[in-house]
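Chemist: Provided below are the primary sequence and the corresponding predicted coordinates.
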There are 2 protein chains.
Amino acid sequence: MSNRILLVEDDLALGQQVVDTLSQAGFDPHWVQDGDAARGLEPDDYRVIVLDLMLPGTYGMDLLKRYRVKSEVPVLILSARDDTADKIRALKLGADDYVTKPFFPEELLARIQACLRRPNLVGTERIVVGTIQVDLKRREVITTEGALSLTPVEFEILALLARRKGSAVARDALVDAALDPSHDASRRTLDVHMSRLRSKLGSDAAQLETVWGIGYRLSEGS
Amino acid sequence: MSNRILLVEDDLALGQQVVDTLSQAGFDPHWVQDGDAARGLEPDDYRVIVLDLMLPGTYGMDLLKRYRVKSEVPVLILSARDDTADKIRALKLGADDYVTKPFFPEELLARIQACLRRPNLVGTERIVVGTIQVDLKRREVITTEGALSLTPVEFEILALLARRKGSAVARDALVDAALDPSHDASRRTLDVHMSRLRSKLGSDAAQLETVWGIGYRLSEGS
DNA sequence: CCCGACGTTAAGACTCCCGTAAGGTTCGAG
DNA sequence: CTCGAACCTTACGGGAGTCTTAACGTCGGG
């Protein structure tokens, strides 16, 4: 497949800079300066779409919404201000990343490559991590030893680890995701759940590593 | 994207000269004459900061320290005297280059451009330095001999060296980044961690050089 | 009311990490 | 070359972080 990237950006200097950087990296950037012009394009013709929010003509948010209806293409948002509300809105609409101006073109490049590397897990209902399969919709986990019955807390822990598969996940994040916040959860509580989870996972527990001083990581047994 | 450069310089003639040179080269210099005024600025708003050490109000050294806490922005030091002690102190605090007055504006321009050529690594999740790969998200380091398990302190040290790859990183900066501040860390403690890190890196440890009197540098084995 | 399922707490064992001390080595100035 | 400062390495003990087991409390269904 082609390495086409759609860039929607009205700033001429910045646009040229980004186009140059992407070209040098082996991509094939298509640059559109005007929001209205971008409306007619087919999102699926591109591997990634880089979208400035502040545009003449059609608004960036509208473009994002429009693309999302038709396609799963990764969309990376550029924005002038570091506005948290905008950021949250964009991510809720399905944006994959958010870069605040000013930025170095190399940073944008790195993020684009990150988008391409990461399989998109948003909206996925079944995550496969090595020999472990987590079905988020059916709330079911299947390992080499068959389906196992997990408690709600155990499932939430494993689901978060699976969604972030490969990355270290902080203990706090797991506690937030899985444990009842009305309790002053003792920091040791998580240990117990991890322990039980491991024993249920059986031999597949090898994929669940402790990241010392940080938390845990679920990864493919390479 | 903006080409903003912050210039902190009290000498009016010199400052004007530098501003002119930078403007002609396509940069957008912001000139502040007073150290106290420079304290409130956000270092991340600029691509490079050029800092005179001898200032009215806040000392240049203090500004450097303050910026380094918040940001990875390249800082270039100007100094009246060719004082080796000052130079070493500045480099220890994380300055990226050091220019002695008097100088030709073209020389300063060349050094600034050299700083910019170095790719910015903020926001990147995986840094590659020669045969060493540091994955900040997974908290994992991969060398020619496979993945190695580092302790939190060792990882922080290597991560900082990787972010500043190619540059000498001061011992103090590494201590700040990696060691528990509640301990009055003995000056020799870092040595021990570096030693352990090197032994874990195995043959790849060749890329980790000692910069005598300053700190350490992680570079590609070219 | 009893019982099972589940989350939580407590306590001890265990692993692993970090700082320190001590002695050896390398560097660079004079 | 000599000397002192900076750096490297090793070994060790205290302590933090983690694992496991064994209870206790709660809730809901039979």
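Modeler: Everything's here; your move.
Chemist: Which helix or which strand is home to residue A:161?
Modeler: Assigned by DSSP states H and E, residue A:161 falls within helix A:152-163.
Chemist: For that helix, C-alpha coordinates in CSV please.
Modeler: What follows is helix A:152-163 as a C-alpha-only set of coordinates in CSV (Å, rounded to 0.1, in the frame of the first residue of the first chain):
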residue,chain,number,x,y,z
PRO,A,152,-15.2,-8.7,38.2
VAL,A,153,-12.1,-7.2,39.7
GLU,A,154,-9.8,-9.8,38.2
PHE,A,155,-11.4,-9.2,34.8
GLU,A,156,-11.0,-5.4,34.9
ILE,A,157,-7.3,-5.8,35.8
LEU,A,158,-6.7,-8.2,33.0
ALA,A,159,-8.7,-6.1,30.5
LEU,A,160,-6.7,-2.9,31.3
LEU,A,161,-3.4,-4.8,31.0
ALA,A,162,-4.6,-6.2,27.7
ARG,A,163,-5.7,-2.9,26.3
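Chemist: Quick check: what element follows the helix or strand bottoming out on mean pLDDT in chain A along the chain?
Modeler: Using mean pLDDT, DSSP states H and E, helix A:84-92 stands out as the lowest-scoring helix or strand of chain A, at a mean of 58. Heading C-terminal from helix A:84-92, the first helix or strand you meet, by DSSP H and E, is strand A:97-100.
Chemist: could I get that following strand in PDB with only the CA atoms?
Modeler: Output in PDB follows, covering the C-alpha atoms of strand A:97-100 (Å, rounded to 0.1, in the frame of the first residue of the first chain):
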ATOM      1  CA  ASP A  97      -3.200  11.600  19.000                       C
ATOM      2  CA  TYR A  98      -3.000  15.300  19.700                       C
ATOM      3  CA  VAL A  99       0.000  17.500  19.100                       C
ATOM      4  CA  THR A 100       0.200  21.100  20.400                       C
END
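Chemist: helices or strands next to the helix or strand just after it in the packing?
Modeler: Where DSSP H and E defines the elements, the next helix or strand beyond strand A:97-100 is helix A:105-117. In terms of contacts (3 or more Cβ pairs under 8 Å, 6 or more residues apart in numbering or on different chains; DSSP states H and E), helix A:105-117 is packed against helix A:12-24, strand A:48-52, strand A:75-79, strand A:97-100. The C-beta positions use only the backbone N, C-alpha and C, and glycine is treated the same way.
Chemist: Identify whichever of those lies nearest to residue A:137.
Modeler: Each of the helices and strands packed on helix A:105-117 has some distance to residue A:137 by Cβ to Cβ; the shortest is strand A:75-79, at 24.7 Å.
Chemist: Mind listing residues that contact that closest one?
Modeler: Residues outside strand A:75-79 that contact it (Cβ atoms under 8 Å, 6 or more residues apart in numbering or on different chains): A:9, A:48-54, A:60, A:64, A:67-68, A:86-87, A:90, A:94-101, A:108, A:111-112, A:115.
Chemist: Filter the residues you listed down to the buried ones, PyMOL style.
Modeler: To isolate the buried members of these in PyMOL, using 16 or more other Cβ atoms under 10 Å in any protein chain shown:
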select buried, chain A and resi 9+48+49+50+51+52+53+54+60+64+67+86+87+90+94+95+96+97+98+99+100+108+111+112+115
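Chemist: mind checking the SS state of residue A:31?
Modeler: State at residue A:31, reduced to three classes by DSSP: H, G, I helix; E, B strand; the rest coil: strand.
Chemist: Counting neighbours, what do you get for it?
Modeler: 16 (other Cβ atoms under 10 Å in any protein chain shown).
Chemist: Would you mind listing the residues in contact with it?
Modeler: Contacts of residue A:31 (Cβ under 8 Å, 6+ apart): A:7, A:9, A:15, A:18-19.
Chemist: What strand or helix carries the nearest residue to it once chain neighbours are set aside?
Modeler: Of all residues beyond its chain neighbours, the one nearest residue A:31 is residue A:7 (4.8 Å), with distances taken as Cβ to Cβ, 6 or more residues apart in numbering or on different chains. According to DSSP H and E, residue A:7 maps onto strand A:4-8.
Chemist: again, but for residue A:65
Modeler: helix A:60-70.
Chemist: separation between residue A:40 and residue B:151?
Modeler: 55 Å (Cβ to Cβ, to the nearest Å).
Chemist: These two: which is more packed in?
Modeler: Each of residue A:40 and residue B:151 has its neighbours counted (other Cβ under 10 Å); residue B:151 has more, 15 against 7.
Chemist: What's the separation between that one and residue B:192?
Modeler: Distance from residue B:151 to residue B:192, by Cβ to Cβ: 12 Å.
Chemist: got a list of what residue A:202 touches?
Modeler: A:143-145.
Chemist: Within range of DNA strand D, give me the residues from chain A.
Modeler: A:171, A:188, A:191-192, A:194-196, A:198-199, A:210, A:212-215 (Cβ under 7 Å from any atom of the strand).
Chemist: again, only this time at 6 Å
Modeler: A:188, A:191-192, A:194-195, A:198, A:210, A:212-213 (Cβ under 6 Å from any atom of the strand).
Chemist: Could you turn the buried ones of the residues you listed into a PyMOL selection?
Modeler: Selection of buried members from these for PyMOL, criterion 16+ other Cβ under 10 Å:
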select buried, chain A and resi 194
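Chemist: ok, so of the residues of chain A next to DNA strand D, who is nearest residue A:128?
Modeler: residue A:198 (19.4 Å).
Chemist: check contacts around that closest one.
Modeler: A:205, A:208.
Chemist: Pop the domain breakdown of chain A in here.
Modeler: A:4-117, A:126-218 (automatic domain parsing).
Chemist: Make TSV out of these and add distance to residue B:28.
Modeler: Formatted as TSV, those follow (distance: least, Cβ to Cβ, whole Å):
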stretch	distance to residue B:28
domain A:4-117	10
domain A:126-218	38
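Chemist: looking at these, which has the lowest confidence?
Modeler: The weakest mean pLDDT among the domains of chain A belongs to domain A:4-117, with a mean of 78.
Chemist: For DNA strand C, what's the nearest residue on chain A?
Modeler: Here chain A gets closest to DNA strand C at one residue, residue A:151, 2.9 Å apart by Cβ to the nearest atom of the strand.
Chemist: Check the offset of stretch A:4-15 from the chain's centre.
Modeler: 23 Å (Cα atoms, centre = their mean, to the nearest Å).
Chemist: quick one on the thing from earlier: could you name the helices and strands sitting against the helix holding residue A:161?
Modeler: strand A:126-129, strand A:132-135, helix A:171-178, helix A:189-201, strand A:215-218.
Chemist: which parts of that helix are buried?
Modeler: Going by 16+ other Cβ under 10 Å, helix A:152-163 has these buried residues: A:153-163.
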